[in-house]
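>>> next one to model:
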Amino acid sequence: MIDDVSLVDEAGQCPLCSSLGGELVANGDFSAGNIGFSSDYIYQSADSTMTPTEYVINTEAGKYTLAWEGKDHTTGNGNYFFCSGLTSGPNAAWSETITISPNTNYVFSAWMNNILWSGYNYADPVLELVINDSLIARPVILLKTPMNG
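Predicted coordinates for the structure are as follows:
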């Protein structure tokens with residue numbers, strides 16, 4: 001059962017996460033590349049233009065379309081996941097099955113960024129957190145933030 005869900009918009013790392021238990025997400029920083037998760041999108045392994053049905057794990061978004069900018073938020077050189085989101089349908093960008101224990105509290109934390117160049121007139125991405133096919137928090141609109149890489 002999921003209860004007491006709150007969505008916190010933090011401008012950086014999760015303040016609670018460093019004091020909690022071990023990491024349950026496999027390859028959550030994508031340092032091992034395209035493993036440990038599944039996606040409804042198609043993996044794009046070449047440094048070429050992407051379609052709205054593809055995702056990539058890499059160090060720099062601008063390699064794939066002129067409309068994107070951005071780098072890893074930790075070292076500036078690490079891998080991260082990015083995709084050109086579809087505008088309709090339920091599309092899981094990232095998914096993983098994680099075994100949890102009953103009567104235990106967990107914190108889900110993720111770092112996301114809108115990587116669209118400001119000059120492009122595209123809609124801002126909308127993200128939803130779904131667990132066991134249930135939307136558990138309000139949708140989040142990712143507004144454009146300055147590139148920090």
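>>> next, count neighbours for H73.
By the measure other Cβ atoms under 10 Å, the count of residues near H73 is 16. The way it works is simple: take the backbone N, C-alpha and C, and place the C-beta from them, glycine included.
>>> swap that for R138, sorry
Neighbours of R138 (other Cβ under 10 Å): 10.
>>> what does Y106 give?
With other Cβ under 10 Å as criterion, Y106 counts 11.
>>> how far away is it from A93?
21 Å (Cβ to Cβ, to the nearest Å).
>>> swap in G21?
Noted for G21: a distance of 26 Å to A93, by Cβ to Cβ.
>>> in terms of neighbours, single out the busier of these two.
The neighbour comparison of G21 against A93 (other Cβ under 10 Å) goes to A93, with 17 against 10.
>>> could you pull up the residues touching the more buried one?
A93 sits next to S39, D40, Y41, Y55, F81, C83, G85 when contact means Cβ atoms under 8 Å, 6 or more residues apart in numbering.
>>> among those residues, name the ones in strands.
If you go by DSSP state E, those have Y55, F81, C83 in strands.
>>> pLDDT at the first one, what is it?
Spelled out, that is Y55. If you check Y55, the pLDDT there is 89.
>>> likewise for the last one?
As summarised for this prediction, C83 has a pLDDT of 83.
>>> buried sites along stretch 125-141?
Judged by neighbour count (16 or more other Cβ atoms under 10 Å), stretch 125-141 contains these buried residues: P125.
>>> for the record, mean pLDDT for that stretch?
So the average pLDDT for stretch 125-141 ends up being 81.
>>> chain center to it: distance?
Offset of stretch 125-141 from its chain centre (Cα atoms, centre = their mean, to the nearest Å): 12 Å.
>>> what residues does the residue nearest to E128 when sequence neighbours are not counted make contact with?
Leaving aside its sequence neighbours, E128 sits nearest to P139 (Cβ to Cβ, 6 or more residues apart in numbering; 5.0 Å). Taking Cβ under 8 Å, 6+ apart, we find P139 in contact with V126, L127, E128.
>>> low pLDDT regions in this structure?
1-20, 86-90, 145-149 (pLDDT under 70).
>>> residue most distant from the centroid, it?
N103 (27.2 Å; Cα atoms, centre = their mean).
>>> contacts only, for F82.
F82 neighbours (Cβ under 8 Å, 6+ apart): Y55, V56, N58, A61, Y64, W68, G70, I115.
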